[in-house]
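Asks: Everything below, folded, please.
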Amino acid sequence: MKLLYFAWLREKIGLSEEDVVLPAELVSVADLVGWLSGRGAGYQAAFAQAKLVRCAIDQNFAQANSSIAGAKEIAFFPPVTGG
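Replies: As a prediction, the model looks like this:
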């Protein structure tokens, strides 16, 4: 699965994208965020305020309880404001 990171998430993690093989027990966005947070200090910092992080699964907005089954790409980004 391809994971994409934008803005300050990319800065904290140090990557704009990565390909990962996820453990089978991860079924939701929240599960994925929890797993990512355990991968190191940069990930932990990026997801420290997980409620501020937005997510898209295969370019469709998703919620924390959204299923990640069958996803090819998951993107994480901060809230977007207009102006």
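
Asks: For stretch 7-17, what is the distance to the chain centroid?
Replies: Centroid separation for stretch 7-17 versus its chain: 11 Å, with Cα atoms, centre = their mean, to the nearest Å.

Asks: Please apply the same query to stretch 58-69.
Replies: A distance of 10 Å separates the centroid of the chain from that of stretch 58-69, by Cα atoms, centre = their mean.

Asks: Point to the residue nearest the middle of this protein.
Replies: In the chain, the residue lying closest to the centroid (Cα atoms, centre = their mean) is F76, at 4.2 Å.

Asks: how near is it to I57?
Replies: Separation of F76 from I57 (Cβ to Cβ, to the nearest Å): 11 Å. For the C-beta atoms, the positions are set from N, CA and C on the backbone; glycine is no exception.

Asks: What mean pLDDT does stretch 57-77 get?
Replies: Stretch 57-77 shows a mean pLDDT of 97.

Asks: Show me what counts as buried in that stretch.
Replies: Residues 57, 62, 66, 68, 71, 74-77 are the ones in stretch 57-77 that count as buried (16 or more other Cβ atoms under 10 Å).

Asks: Next: stretch 39-55.
Replies: In stretch 39-55, counting by 16+ other Cβ under 10 Å, buried: 42-43, 46-47, 50, 53-55.

Asks: what about that stretch, start to end distance?
Replies: Length of stretch 39-55, first residue to last, Cα to Cα, to the nearest Å: 18 Å.

Asks: what do you get for stretch 38-52?
Replies: Note: stretch 38-52 ends 18 Å apart using Cα to Cα.
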